[in-house]
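**Q** Next come a sequence and a model predicted from it.
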Amino acid sequence: MTVLLESKSNTPFPEWMRWTFGGIGIYLLGDALRRFLTVKSLSFHALFVGAAVLYACGYRKRIYLTEEGIVRETKTWLNRNREIFPWNELGHVGLAFRRHQMMAFFERDILGWKVLFDRSQEGRLREILKERASGVDITTL
């Protein structure tokens, strides 16, 4: 599957933050284990928070446009999910601009997907929509 356009709506935090919080999570789990082995008391709050932080560090999200449609992938340490919004189900596209960003709302029936792009990607997005979903109305706000 060829990626036509990559969204900015990807992983919610940068790599340096993932590594920092990963270290904090490992520290908290290690501290809970140390307390259990030395003092024989289990620190549930450190264990729970450390495990939650490590789990959150494994979360990744990616949204991109392909020949098949709009793809939203989410990955965690334990799960992988991939949803495809086919071009033939697309009813309307709304584009909203703010500073250097562009929010595209891909609508089908009542619901839809909000996807964030750079403003510089507008031309490429319009080309893809013209090619893949030619009968769809595009509204600019």
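**A** Received it, and whenever you're ready, just let me know what you need.
**Q** where in this structure is pLDDT low?
**A** Along the chain, segments meeting pLDDT under 70 span 11-12.
**Q** let's go with 90 and repeat that
**A** Within the chain, the ranges that satisfy pLDDT under 90 run 1-15, 17-18, 32-47, 56-61, 76-78, 91, 108-112, 132-138, 141.
**Q** Tell me which residue is most central in it.
**A** Centroid-nearest residue in the chain: K61, 2.9 Å away (criterion: C-alpha atoms, centre = their mean).
**Q** can you give me phi and psi for that residue?
**A** Dihedral pair for K61: phi -130, psi 140, per degrees, to the nearest 10.
**Q** measure it to I24 for me?
**A** Going from K61 to I24 by C-beta to C-beta, to the nearest Å gives 21 Å. Quick note: C-beta positions are derived from backbone N, CA and C, even for glycine.
**Q** again, but for F117
**A** Applying C-beta to C-beta to F117 and I24 gives a distance of 32 Å.
**Q** Nearest residue to Q121 in space, please, no chain neighbours.
**A** Leaving aside its chain neighbours, Q121 sits nearest to L5 (6.3 Å; criterion: C-beta to C-beta, 6 or more residues apart in numbering).
**Q** and F117 and I24? which has more neighbours close in?
**A** F117 (21 against 15; other C-beta atoms under 10 Å).
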